[in-house]
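Chemist: 3D model of this:
(chains A and B, ligands or ions: 2)
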Amino acid sequence: MKAPTPIIEIRDGKKSFGSFVALENINLSIHEGEILTLLGPSGCGKTTLMRLIAGFEGLTSGTLRVSGEDVAAVPPERRPVNMVFQRYALFPHLDVFENVAFGLKVKGLAKSEITERVKRMLHIVQLESLANRYIDELSGGQCQRVALARALVNEPKVLLLDEPLAALDLKIRQHMLAEMKRIHAETGATFIYVTHDQDEAMILSDRVVLMEKGRIVQIDRPEDMYARPKSLFAAKFLGETNLFETAVADSGAQGTVAKTASGIGFLSRNGVGHKTGDKVVVSIRPESFSFANNDEGSSQKTQGQVEDVVFIGSRSFYTVRLDDQAKVRIQVQRNGRVKPPEPGSRATIYWDADNVVMLPQA
Amino acid sequence: MLLRLVVWTILAFLVAPLIIIVLFSFHASASLSFPFTGFSLRWYQEIFGNTQLAGAVTKSLVIAFFTALVTLVLGASASLGWLRLDRVGRAVIEAMSVTPIALPGLFVGVSLLVLFAQAGIRLSTLTIVISHVVIALPILIVAMKARLALFDPSLEEAARDLGASQRQTFARVTLPLIAPTLISSAILAFAVSFDEFVVTSFVAGTETTLPMYIWSMMRRTVTPMVNAISTLVLLFSVAILLGAWLIGRLRRQSAISARAEP
Ligand SMILES: Nc1ncnc2c1ncn2[C@@H]1O[C@H](COP(=O)(O)OP(=O)(O)OP(=O)(O)O)[C@@H](O)[C@H]1O
Ligand SMILES: [Mg+2]
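Modeler: Ligands and ions are numbered 1, 2, ... in the order given. Take a look at the predicted model:
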């Protein structure tokens, strides 16, 4: 079976501003109906990538296709794409209703249809009561919802959202995230979402595109990107992790073994293609360590001194100083089955080969 | 205390001549000095009987109107261009527009006169309008620039993104947002033209504008009618400047960009 045509496809995309290369080697296929998140540190080119898709910028080289069609010569107003701007860009001379109606008006729709669709959209974003307010009379969260409604009322195939929740406080943010998921399910549009916030990315996305300095470093489902980062950058950027500088001691059928200078050995089933003697960085997430040996066969262990415990809700975070002075952060779910060690005591920590990720040194 | 005294002195210094002019425009006798011998509207009546004066006023109004119109069109184009320029381009335009403001009127007058003579353009109402545009345009650009710097270009992008063509974007977003600025600037140009004297005297040829008429009247005999005329001009100027100010302040439209942060 042939894969369906991606709604957006970028091949070998490159974008320069003068001599500054903002984006390079961009290869990206976006499927119809998915929520794709662009994630990366400030200045890595997320907004630039959005602006290319929306049509405000052109690629310096490479191709951009929308529904299989090269759109190099198609201006923004004729692309089936709507954008929610990083700073909303709502029209200050129009009220909420007119802001939302803008796209339908310029398309020349009948007045009755415009009114009906705008009202329905205002209902979805719960702004019916504010229809006649001007933009400077709205709160940040309300502005954000107007911006969302203004884009969605056009029923775009692709909705670009550039950090739409950045200006909102945590509570509205969680509410809006749920809203966005609901609206996505209701409209079936493809969402391309930019965020700095990895929690947001994890909650929302079908796939995450991780970017660094104008390049895509990994595209994966969020849980895979978390569990199997392909680079040190990815491992560090997404969530918390423990890193160990090691050298490969043995590479065989059952996995790769790497040892720290002090002799702690790690067996990994995920490190492929490493040769004996290669320098690799081992990454193990805090929740992949435990104080209990739950699987005799594959568990590995080492010893250390418990330095500190922090309780956060149902989880405890331990800091353990290993015998070679390296510090390890361990997250334990408190369920009462295993008695956790006291601060100051010696403890044995265990981990599983499945959760050991070996990464090339940066 | 001292500071207050200074401020009041300066204000008195600025306002005293105006008060005296207004006061003596209502003086019953032809004398321009105290003691004040009674109120009358005779100088105002004389104004309205003076056809020469009426001609000069009409001329000045026509010139000011066309100056404002031409300046508005040129200024609007310049400002739209300015919105799309980068920092260097903006700096160039700025330098070019500030320079003429700093030049003495005498110098501008002479150079325009020479220019018209070289180009073989007969001195007329047209040359006055051209000269007034030369004077008013830089002032207008400087006045507009401050407001336009607040214009948020992402509003135009948002309009395009929502399906508006370039023309629709201009008509529905750009123009409504910059219109108050344009209109108040045009009124400013009108005011500048209406009482311009130095440059006009070089390029007017046989034409007579209101400031020139007043000046020639003063040279012959100083009659209190001048006070009456000046009072009316003062009222008129205050009225249009107030108008410009009010338009610039229209509540909704004074917001030229969307609020960025909540
Ligand atoms: N018009 C431009 N001219 C020159 N450089 C630009 C332009 N637009 C963006 N850049 C540069 O390109 C890089 C990427 O910018 P971009 O806005 O895409 O970053 P971002 O990932 O969206 O960052 P943030 O998370 O802070 O919004 C930055 O270094 C920026 O300075
Ligand atoms: Mg950005």
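Chemist: Show me the contact partners of the helix or strand of chain B with the lowest mean pLDDT.
Modeler: Least confident helix or strand of chain B, by mean pLDDT, DSSP states H and E, is helix B:42-49 with a mean of 76. Identification of contacts with helix B:42-49 by CB atoms under 8 Å, 6 or more residues apart in numbering or on different chains yields B:25-28, B:53-54, B:223-225, B:227-229, B:232. C-betas here are computed from N, CA, C, even on glycine.
Chemist: Could you check the pLDDT of B:E261?
Modeler: Model confidence at B:E261, given as pLDDT, is 36.
Chemist: Give the burial count for B:T127, as a bare number.
Modeler: The number of residues packed near B:T127 is 22, by other CB atoms under 10 Å in any protein chain shown.
Chemist: That one and A:V100, how far apart?
Modeler: Computed with CB to CB, to the nearest Å, the distance linking B:T127 and A:V100 is 53 Å.
Chemist: coming back round to it: least confident of the contacts of helix B:42-49?
Modeler: Out of these, that is B:A28, at 68.
Chemist: ok, residues contacting stretch A:44-52?
Modeler: Residues from elsewhere that reach stretch A:44-52 (CB under 8 Å, 6+ apart): A:10, A:13, A:15, A:22-23, A:26, A:38-40, A:57-59, A:64, A:83, A:86, A:160, A:162, A:192, A:194, A:211-214.
Chemist: can you narrow the residues you listed to ones near ligand 1?
Modeler: Filtering these for neighbours of ligand 1 using CB under 6 Å from any ligand atom leaves A:A22.
Chemist: re earlier: does the helix or strand just after the least confident helix or strand of chain B come close to chain A?
Modeler: Downstream of helix B:42-49, the next assigned helix or strand under DSSP states H and E is helix B:51-83. No: legend: contact between helix B:51-83 and chain A by CB under 8 Å from any CB of the partner chain is lacking; minimum distance shown is 15.0 Å.
Chemist: Next, see if the following helix or strand past helix B:51-83 gets close to chain A.
Modeler: Once the chain leaves helix B:51-83, the next helix or strand it forms, by DSSP H and E, is helix B:87-102. No: applying CB under 8 Å from any CB, one finds helix B:87-102 separated from chain A by no less than 12.7 Å.
Chemist: What is helix B:87-102 packed up against?
Modeler: Where contact means 3 or more CB pairs under 8 Å, 6 or more residues apart in numbering or on different chains; DSSP states H and E, helix B:87-102 is packed against helix B:51-83, helix B:125-148.
Chemist: Report the angle between the first one and helix B:87-102.
Modeler: Comparing the axes of helix B:51-83 and helix B:87-102 via axes from the mean of the first three to the mean of the last three CA atoms, to 10 degrees yields an angle of 160 degrees.
Chemist: re earlier: tell me what angle the least confident helix or strand of chain B forms with helix B:51-83.
Modeler: In terms of direction (the same axes, to 10 degrees), helix B:42-49 departs from helix B:51-83 by 80 degrees.
Chemist: ok now the host helix or strand of B:S185, how far from the chain's centre?
Modeler: Taking DSSP H and E as the definition, B:S185 sits inside helix B:175-194. Centroid displacement of helix B:175-194 relative to its chain, using CA atoms, centre = their mean, to the nearest Å, is 9 Å.
Chemist: would you put the C-alpha positions of it in CSV?
Modeler: Output of helix B:175-194 as CSV, limited to C-alpha atoms (Å, rounded to 0.1, in the frame of the first residue of the first chain):
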residue,chain,number,x,y,z
LEU,B,175,-5.0,52.2,6.0
PRO,B,176,-7.5,52.1,8.9
LEU,B,177,-4.6,51.9,11.3
ILE,B,178,-2.5,54.7,9.8
ALA,B,179,-5.4,56.9,8.7
PRO,B,180,-5.6,59.0,11.9
THR,B,181,-1.9,59.6,11.8
LEU,B,182,-2.1,60.6,8.1
ILE,B,183,-5.0,63.0,8.6
SER,B,184,-3.6,64.7,11.6
SER,B,185,-0.3,65.1,9.8
ALA,B,186,-2.1,66.5,6.8
ILE,B,187,-3.8,69.1,9.0
LEU,B,188,-0.4,70.0,10.3
ALA,B,189,0.8,70.5,6.7
PHE,B,190,-2.2,72.7,6.2
ALA,B,191,-1.3,74.9,9.2
VAL,B,192,2.3,75.1,8.1
SER,B,193,1.3,76.3,4.7
PHE,B,194,-1.4,78.7,5.9
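Chemist: Tell me the buried residues in that helix?
Modeler: B:176-178, B:180-194 (16 or more other CB atoms under 10 Å in any protein chain shown).
Chemist: cool, stretch A:275-287 as well?
Modeler: A:D278, A:V280, A:V281, A:V282, A:S283, A:I284, A:R285, A:P286, A:E287.
Chemist: Of the residues you listed, which belong to strands?
Modeler: For the buried residues of stretch A:275-287, the ones inside strands are A:V280, A:V281, A:V282, A:S283, A:I284, with DSSP state E as the criterion.
Chemist: what's the nearest residue to the second one if we skip its chain neighbours?
Modeler: Computed as CB to CB, 6 or more residues apart in numbering or on different chains, the closest residue to A:V281 that is not its neighbour in sequence is A:L359, at 4.8 Å.
Chemist: For A:F85, see how far away the residue in the stretch 51-200 of chain A that chain B sits nearest to is.
Modeler: Going by CB to the nearest CB, chain B is nearest to A:G140 of the stretch 51-200 of chain A, at 2.4 Å. For A:G140, the distance to A:F85 (CB to CB) stands at 14 Å.
Chemist: which one of the two has more residues nearby?
Modeler: More crowded of A:G140 and A:F85, by other CB under 10 Å: A:F85, with 25 against 17.
Chemist: how many neighbours does B:T174 have?
Modeler: For B:T174, the count of nearby residues is 18 (other CB under 10 Å).
Chemist: Next, count neighbours for the closest residue to ligand 1 within the stretch 1-150 of chain B.
Modeler: Using CB to the nearest ligand atom, B:D86 is the residue of the stretch 1-150 of chain B that sits closest to ligand 1, at 9.3 Å. Counted by other CB under 10 Å, the residues lying close to B:D86 total 7.
Chemist: Angles on the backbone of it, please.
Modeler: Note on B:D86: its backbone torsions stand at phi -90, psi -170 [degrees, to the nearest 10].
Chemist: At which residues are the strands of the stretch 151-300 of chain A located?
Modeler: Using DSSP state E, counting those that start in this stretch, the strands of the stretch 151-300 of chain A run over A:158-162, A:190-195, A:207-212, A:215-220, A:242-252, A:255-259, A:265-268, A:279-284, A:289-290, A:300-312.
Chemist: can you put the ones you listed in JSON lines and add mean pLDDT?
Modeler: Converted to JSON lines, the strands of the stretch 151-300 of chain A look like this (pLDDT from 0 to 100):
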{"stretch": "strand A:158-162", "mean pLDDT": "92"}
{"stretch": "strand A:190-195", "mean pLDDT": "93"}
{"stretch": "strand A:207-212", "mean pLDDT": "94"}
{"stretch": "strand A:215-220", "mean pLDDT": "94"}
{"stretch": "strand A:242-252", "mean pLDDT": "87"}
{"stretch": "strand A:255-259", "mean pLDDT": "86"}
{"stretch": "strand A:265-268", "mean pLDDT": "87"}
{"stretch": "strand A:279-284", "mean pLDDT": "91"}
{"stretch": "strand A:289-290", "mean pLDDT": "87"}
{"stretch": "strand A:300-312", "mean pLDDT": "87"}
